[in-house]
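Asks: Would you be able to build a 3D model of this:
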Amino acid sequence: MRSYPSNTTGGRPPARLVTAAALTVALAGCAGGEPPRTQPVNEVAVVATATPPATATPTPSGSAAPVSETLRFTAKTLDGAAFSAADLAGKPVVLWFWAPWCATCASQAWTVAEIAPQFRDRVPIVGVAGLGQHKAMKDFVTEFELGGTLQLDDRTGALWRRFEVVEQSTFVVIDRNGKVIHQGFLDGEDLTRRVTALAG
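Replies: Numbers count the residues shown, from 1 in each chain. Below you'll find the model as predicted:
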């Protein structure tokens, strides 16, 4: 299993250490093959903003919902469109960190593809693809019918480091106030239950 190096800039603490047991579980869960050995070095797909002050600011659209520190980042989608997480302020959000070669991610993809369109306006599920090449990520989205779900291209690992994600598949569940209320593994049943509860 590969992980991104810890973030040593911006005053954020280094990513948590993964225990030997966690590594064993992660390797067993993602036995779908080794990730590509090479990464494009001239393509920068994600730009995570610097850590802002702790006070919330209004959304760019002028809505009343404040933008928490958690949602102050920008990125590019797998299709190359600009994305600003600030646009999701005031809603619960689920970030799904996946890799295209991960067998566990593949098994979870069907649940994401099924429930994401139902909750798109109330609890957006946003994929954050990393640890792979662009074509492999696009093929994964096509194979598992994830085209109706927003997918970010994080080949540089900026968002993985920002959220201290050290293994895949990881779900980061953020409540409507911008607080992370869960970070880690969720099976399909748990994911569906949590998203349904947040939408209520």
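Asks: For this protein, which segments count as strands?
Replies: 46-47, 57-58, 66-67, 74-76, 82-84, 93-98, 125-129, 151-153, 170-174, 180-184 (DSSP state E).
Asks: Next, format these as JSON lines and append mean neighbour count, mean pLDDT and distance to residue 136.
Replies: Placement of C-beta: from N, CA and C, glycine included. As requested, the strands of the chain are arranged in JSON lines below (neighbours: other CB atoms under 10 Å; pLDDT from 0 to 100; distance: least, CB to CB, whole Å):
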{"stretch": "strand 46-47", "mean neighbour count": "18", "mean pLDDT": "39", "distance to residue 136": "17"}
{"stretch": "strand 57-58", "mean neighbour count": "14", "mean pLDDT": "39", "distance to residue 136": "37"}
{"stretch": "strand 66-67", "mean neighbour count": "19", "mean pLDDT": "90", "distance to residue 136": "32"}
{"stretch": "strand 74-76", "mean neighbour count": "18", "mean pLDDT": "97", "distance to residue 136": "17"}
{"stretch": "strand 82-84", "mean neighbour count": "15", "mean pLDDT": "97", "distance to residue 136": "20"}
{"stretch": "strand 93-98", "mean neighbour count": "25", "mean pLDDT": "98", "distance to residue 136": "11"}
{"stretch": "strand 125-129", "mean neighbour count": "25", "mean pLDDT": "98", "distance to residue 136": "9"}
{"stretch": "strand 151-153", "mean neighbour count": "25", "mean pLDDT": "97", "distance to residue 136": "11"}
{"stretch": "strand 170-174", "mean neighbour count": "23", "mean pLDDT": "98", "distance to residue 136": "19"}
{"stretch": "strand 180-184", "mean neighbour count": "14", "mean pLDDT": "97", "distance to residue 136": "24"}
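Asks: got TSV for those strands, with distance to residue 108 too?
Replies: Shown next, in TSV, are these (distance: least, CB to CB, whole Å):
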stretch	distance to residue 108
strand 46-47	21
strand 57-58	34
strand 66-67	28
strand 74-76	21
strand 82-84	21
strand 93-98	8
strand 125-129	10
strand 151-153	14
strand 170-174	9
strand 180-184	13
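Asks: Quick one, which of the ones you listed gets closest to residue 104.
Replies: Closest to residue 104 of these is strand 93-98 (CB to CB; 8.6 Å).
Asks: mind listing what the closest one pairs with, with the direction of each?
Replies: Sheet pairing here is set by DSSP bridges, and for strand 93-98 it gives strand 125-129 (parallel), strand 170-174 (antiparallel).
Asks: Next, the angle from it to strand 180-184.
Replies: Relative orientation of strand 93-98 versus strand 180-184 (axes from the mean of the first three to the mean of the last three CA atoms, to 10 degrees): 20 degrees.
Asks: Helices of the protein, start to end?
Replies: 20-29, 103-119, 134-143, 158-162, 188-199 (DSSP state H).
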